[in-house]
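Q: Only the shape, not the letters, is given here:
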């Protein structure tokens, strides 16, 4: 059974230079180990998913422009994630009526990065 993701879970993007953190809002009123639990819809950029330092994806327009200006030398630019929902989520555990976010779930950035939960945050509670 996978571990649940909660406030403060550590995230990493395949094109990001630094880890980030997950910030689910406590609107569902579901707490796990004293922290707000996350659902698969907690993927809103700059609200739930914070930036990953510098982005090195050429699909990101700011990186592409800076790289072109540097005559083709890859030039990372500040990360601003563009994300959709997490997948897959817990098959039977719900948070606010939506599948719970668990270890093993991923989220794709529009710039081509794959965001993973490096450390989900909950250590004693697991989902089905």
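A: That came in fine, so what should we check first? Quick caveat: nothing in here was measured; it's all calculated off a predicted structure.
Q: Assumed residue 115 was part of a strand.
A: Yes. Assigned with DSSP: H, G, I helix; E, B strand; the rest coil, residue 115 falls within a strand.
Q: how far away is it from residue 78?
A: Here residue 115 is placed at a distance of 16 Å from residue 78 (CB to CB, to the nearest Å). Where C-beta positions appear, they are placed from N, C-alpha and C, glycine not excepted.
Q: now do residue 63
A: 10 Å.
Q: secondary structure element for residue 74?
A: Using DSSP states H and E, residue 74 maps to neither a helix nor a strand.
Q: The chain: strands as residue ranges?
A: Using DSSP state E, the strands of the chain run over 3-13, 20-21, 31-32, 35-36, 54-55, 77-78, 94-95, 98-99, 106-108, 114-126.
Q: Is it possible to get a markdown table of these that adds mean neighbour count?
A: A markdown table is the format used below for the strands of the chain (neighbours: other CB atoms under 10 Å):
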| stretch | mean neighbour count |
| --- | --- |
| strand 3-13 | 22 |
| strand 20-21 | 17 |
| strand 31-32 | 17 |
| strand 35-36 | 19 |
| strand 54-55 | 20 |
| strand 77-78 | 15 |
| strand 94-95 | 20 |
| strand 98-99 | 19 |
| strand 106-108 | 18 |
| strand 114-126 | 18 |
